[in-house]
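> quick one, fold the following:
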Amino acid sequence: MKNLRHSVLFILVSLLLINVQAQNAEAEKQLEAEVREFATTYANLPTTKDKAAVLKYFSKEVTSVIYVFNISGKSRASTGDYKGFEGYLDNLLRASGIQLGYDIEEISNIYVSGNNATVTYRVNYETKIPNGIWVKGSETVNLAFEKRGDIWMIVHYTIVQFEDEKLKGTCLCELFISEADDGEVVSKTTIPSGRSYNTEFNNFEFRTVGGDQIIKVKDKVYKRLKTGAVIAMRDGEEVQIGISNSKKETVLMIIGDDLYGDSCATLKTKK
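Okay, the predicted model is just below:
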């Protein structure tokens with residue numbers, strides 16, 4: 001009788017293990033399909049404009065850690081949440097003509113434990129703009145999931161990113177300003193340029209004519225009117241590029257919006 005009980009118990013445990021293994025195998029297939037579906041949905045965002053289709057994979061309580069090695073060899077870390085990711089998607093939707101590449105190279109690990117799971121994969125990413133590549137590189141991504149009902153939701157993600165090439169991004173500018181109305185301004189601007197950064201020096205010459213300021217830099221001429229409007233010449237026509245309240249604002253506007261507009265997504269000044 002004792003041996004019979006042991007045999008029955010062994011059979012029951014074996015059946016339970018087989019059932020759990022089958023459930024885990026099914027969950028692994030579901031998670032792999034979901035990750036690949038997410039990658040496609042995200043890459044198509046600039047075309048579909050469907051932000052909700054991307055966000056549906058994420059829990060409202062999602063958290064994140066992103067670690068980036070940029071093209072200069074420096075690194076930075078940031079943390080985020082659902083609102084931050086949603087804001088990032090909004091920025092992508094506002095960008096004109098942007099295209100995304102997000103190609104999964106390998107899903108290296110899927111681990112399921114009950115209603116919790118992790119998926120690790122490597123992806124090649126690329127952000128394109130009409131005149132070329134904005135930035136491209138590779139990422140190792142780890143997603144943590146919780147199963148809620150029949151749906152697996154991303155509750156945390158960690159990304160380690162390596163930039164390989166960058167043609168547009170954050171530019172750093174340092175200004176040396178002569179405060180007199182007709183004084184010069186010298187700028188030192190660091191801009192992304194492929195696999196490295198370039199540093200450009202420019203000399204801005206200011207001259208007051210009839211209450212307006214004429215600004216010369218390189219072979220270009222700008223005007224700052226009495227109203228504060230900054231005017232650039234484009235294709236033989238005068239175009240207002242903004243409103244400035246100071247010599248510093250005028251120079252930064254010219255650098256960020258005109259001289260290096262194709263390279264500077266944002267412009268930071270060195271304090």
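> which one is E146 nearest to, not counting chain neighbours?
V155 (5.0 Å; Cβ to Cβ, 6 or more residues apart in numbering). Quick note: C-beta positions are derived from backbone N, CA and C, even for glycine.
> please disregard the earlier target; I meant W152.
F145 (4.5 Å).
> so what's the residue count around that neighbour?
For F145, the neighbour count with other Cβ atoms under 10 Å is 26.
> got the buried residues for stretch 26-38?
Residues of stretch 26-38 classed as buried: 27-28, 30-31, 34-35, 38 (neighbour count, 16 or more other Cβ atoms under 10 Å).
> quick one: those as JSON lines, columns for pLDDT, secondary structure and distance to I243 too.
Below are those laid out as JSON lines (pLDDT from 0 to 100; DSSP: H, G, I helix; E, B strand; the rest coil; distance: Cβ to Cβ, whole Å):
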{"residue": "A27", "pLDDT": "86", "secondary structure": "helix", "distance to I243": "57"}
{"residue": "E28", "pLDDT": "92", "secondary structure": "helix", "distance to I243": "57"}
{"residue": "Q30", "pLDDT": "93", "secondary structure": "helix", "distance to I243": "54"}
{"residue": "L31", "pLDDT": "96", "secondary structure": "helix", "distance to I243": "51"}
{"residue": "E34", "pLDDT": "95", "secondary structure": "helix", "distance to I243": "48"}
{"residue": "V35", "pLDDT": "96", "secondary structure": "helix", "distance to I243": "47"}
{"residue": "F38", "pLDDT": "97", "secondary structure": "helix", "distance to I243": "42"}
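> for the residue nearest to W152, which three-state class applies?
Look at F145: counting by DSSP: H, G, I helix; E, B strand; the rest coil, its state is strand.
> what residues are up against it?
31, 116-119, 152-155 (Cβ atoms under 8 Å, 6 or more residues apart in numbering).
> next: S64.
79-81, 84-85, 156-159.
> go on, Q161?
Each residue near Q161 by Cβ under 8 Å, 6+ apart is listed here: 66-69, 125, 137-139.
> how about 6 Å then?
Applying Cβ atoms under 6 Å, 6 or more residues apart in numbering, we find Q161 in contact with 68, 139.
> so how far is N44 from it?
Plainly put, Q161 is 21 Å away from N44 if you go by Cβ to Cβ, to the nearest Å.
> I107: which of the buried residues of stretch 26-38 is nearest?
V35 (6.7 Å; Cβ to Cβ).
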